[in-house]
Structures are given as structure tokens and as C-alpha cells.
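1. No letters, just coordinates:
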């Protein structure tokens, strides 16, 4: 069964520092992986996705993630944090379409950015 | 703006009541998904519709039901509400079955 684990429910970084949010997945089939961001009192916005092809995926707002099959990981990074990056981040894996195509989310990681 | 709209934005009601949440998908998207976000359960899939037909069910209570209409909008009906049903309810739509676009959510508070 597909599942997602996000390591660390809360991460705090200084402005300008590297952001690293960790995500490990479990999947019996080649996974499609996603990172979503949720700003306070808002819905979820897709940051980036991995389906097939290049394992280093670039997303919006300077974020990127690398799919590592050997480590079953899909960690999210950004070289330099901005105050506006403070939000909750969700890693997700999608079930195959013949199983409903639903997203399985991790527990979320709240990112705080200190000035 | 994802193109997915949800109404109402906020809903406050009492235990035992029934409410209806509405979702309009992005133009051209045939799939609609409903998710519940709560502090203790996180983000959980409830149900999916594709072009008017139920496609998949998740952790949806029997007191909850949904439907998708011919114009592709969807409604989530929650009945016999309990305090624990207080949560954010998101609708998402998709055309590919992969990338899902989320609405702003409906915050339900049951008092």
C-alpha cells in the first residue's frame, strides 16, 4: 500500500538559509509524487510533481525536489529561504488511476522562517 | 487561483444538523475529489467522482454522501453532524487523474 512519511512536523530556518523538508514514500508501483504548499487559511497549491523522466524536478517559488528510488525519498529543497515561504508543506503520492487516483498525503511539515 | 471554487467559505452549525458543501471544478475537468483536513487525522481522501459517477471511496462516513451533477459541479452532504466533523473540507478537480487542483476549502465548525 502507498504511504508517505514526512520527517519533522515543524522545521525552522533563518531567512537566506537552506530549506530541506524530508519525505519518504512507500509504493508498490512506480510512484507519482507531489509537493503541495498550504498558506494560512488557504487551499493547497501544487509546488512541483514527479511523474516520469528527470529525477530532479523544479517547481514554483524556487523549490525543487529530487526523486531517489534507492532511498524511496522525495525531499524538497530551496537554496535560500524567504519570509514568504512560511507555510505548511505536504508531500503526497498518488494511487494508480484504476485504484481511484486519490492522493495520499503525509502529515505535513510546518516551515517557519526567522528574520 | 486554481479555478476550483467552493462555497460557502465558512459554515457554523450545531450538532445533529445537516449541511451541503458545494464545489465547482475547473472548466473541462471531469474528476472531482473531496478531502477532509482535521488536526487529528490530517488530510484524508473522502470520495471521487468522474463525469457524474462515483469512482472511488476513502474514509467517508456513512453520514456523509456526495454527488456530481451533469454540469460537473459536486456537492458533499454531511448529516447528523458531530463535534468531530469540524474540519476543513477541500474539493479538488483533475483532467489527467494525476495533477489535482484544490479549491480554497470550506471550514465547517460544529458547535
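-> Received, thanks. No experiment lies behind these values; they were computed from the predicted model shown.
2. where exactly do the strands run in chain A?
-> A:3-7, A:10-14, A:19-26, A:32-38, A:44-50, A:56-58, A:64-68, A:73-78, A:87-94, A:103-105, A:109-114 (DSSP state E).
3. Is it possible to get JSON lines of those that adds mean neighbour count, distance to chain B and mean pLDDT?
-> All C-beta spots, glycine's among them, are computed from the backbone N, C-alpha and C. Formatted as JSON lines, those follow (neighbours: other CB atoms under 10 Å in any protein chain shown; distance: least, CB to the nearest CB, whole Å; pLDDT from 0 to 100):
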{"stretch": "strand A:3-7", "mean neighbour count": "17", "distance to chain B": "10", "mean pLDDT": "93"}
{"stretch": "strand A:10-14", "mean neighbour count": "14", "distance to chain B": "14", "mean pLDDT": "97"}
{"stretch": "strand A:19-26", "mean neighbour count": "18", "distance to chain B": "14", "mean pLDDT": "95"}
{"stretch": "strand A:32-38", "mean neighbour count": "23", "distance to chain B": "6", "mean pLDDT": "94"}
{"stretch": "strand A:44-50", "mean neighbour count": "20", "distance to chain B": "4", "mean pLDDT": "93"}
{"stretch": "strand A:56-58", "mean neighbour count": "14", "distance to chain B": "13", "mean pLDDT": "95"}
{"stretch": "strand A:64-68", "mean neighbour count": "18", "distance to chain B": "15", "mean pLDDT": "95"}
{"stretch": "strand A:73-78", "mean neighbour count": "21", "distance to chain B": "15", "mean pLDDT": "97"}
{"stretch": "strand A:87-94", "mean neighbour count": "23", "distance to chain B": "6", "mean pLDDT": "94"}
{"stretch": "strand A:103-105", "mean neighbour count": "23", "distance to chain B": "4", "mean pLDDT": "90"}
{"stretch": "strand A:109-114", "mean neighbour count": "16", "distance to chain B": "12", "mean pLDDT": "97"}
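4. show me what contacts residue 37?
-> As the question left the chain open, I've gone with chain A. For residue A:37, the contacting residues are A:44, A:45, A:47, A:61, A:87, A:88, A:89, A:90, by CB atoms under 8 Å, 6 or more residues apart in numbering or on different chains.
5. I was after chain B.
-> Contacts of residue B:37 (CB under 8 Å, 6+ apart): B:43, B:44, B:87, B:88, B:89, B:90, B:105.
6. Model confidence for it, exactly?
-> At residue B:37 the predicted local distance difference test score is 95.
7. Now it: which helix or strand?
-> strand B:31-38 (DSSP states H and E).
8. The helix or strand following that strand to strand B:31-38, inter-axis angle?
-> Sequence order places strand B:42-50 as the next helix or strand after strand B:31-38, per DSSP H and E. Strand B:42-50 runs at 160 degrees relative to strand B:31-38, counting by axes from the mean of the first three to the mean of the last three CA atoms, to 10 degrees.
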